[in-house]
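Enquirer: need a structure here:
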Amino acid sequence: VKAIIEHEMKNGIPPNRIILGGFSQGGALSLYTALTCQHQLAGIVALSCWLPLHKAFPQAANNGVNKDIAILQCHGEMDPMIPVRFGALTAEKLKSVVTPGKVQFKTYPGVMHSSCPQEMMAVKEFIEKLLPRI
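Expert: Down below sits the predicted model:
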């Protein structure tokens, strides 16, 4: 993923216009990669996931390069694969790694290990806010 970021930068995309995002393991990978990245990124979308190697943080957060990164974390309240409690614990841990006010944690009643239209609307709004048209 870091190689993809480098590739995009070589193609003229500034890192502050890059958002990493994913669902489940993809969300976990996005969180870990962005927080350990050497470039200041725009944000992270982390859906139904957790922070891998959470005990290594905040020390693993590459000198705080992404201390002010915006994070949208969403989780279904009925997720049997990754319990919403893990999402909530991750959100609390993230607040010790980045500026606490930059972490949004949203839950969705009745949603299992999947997505819902309200969650996708939150993702759309998050991206539009972080990356206004240029």
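
Enquirer: What is the strand or helix carrying residue 90 packed up against?
Expert: Using DSSP states H and E, residue 90 sits within helix 84-94. Applying 3 or more Cβ pairs under 8 Å, 6 or more residues apart in numbering; DSSP states H and E, we find helix 84-94 packed against strand 70-76, strand 103-108. From N, CA and C alone the C-beta is placed, and that goes for glycine too.

Enquirer: Next, the distance between the ends of stretch 40-49.
Expert: 22 Å (Cα to Cα, to the nearest Å).

Enquirer: typo on my end, it should be stretch 103-115
Expert: End-to-end distance (Cα to Cα), stretch 103-115: 19 Å.

Enquirer: Identify each buried residue in that stretch, please.
Expert: Judged by neighbour count (16 or more other Cβ atoms under 10 Å), stretch 103-115 contains these buried residues: 103, 105, 106, 107, 108, 111, 113, 115.

Enquirer: so the third one sits right up against residue 123, yeah?
Expert: No. With contact defined as Cβ atoms under 8 Å, residue 106 does not count as touching residue 123 (9.9 Å).

Enquirer: So for those two, which residues contact both of them?
Expert: Common contact partners of residue 106 and residue 123 (Cβ atoms under 8 Å, 6 or more residues apart in numbering): 72, 74.

Enquirer: So what pairs up with the spatially most central residue of the chain in the strands?
Expert: Among the residues of the chain, the one closest to the centroid is residue 44, at 3.1 Å (Cα atoms, centre = their mean). Per DSSP bridges, the residues bridged to residue 44 are residue 20, residue 71.

Enquirer: From what I see, it and residue 22 are in contact.
Expert: No. Taking Cβ under 8 Å as the definition, residue 44 is not a contact partner of residue 22, at 9.0 Å.

Enquirer: No more questions from me, cheers.
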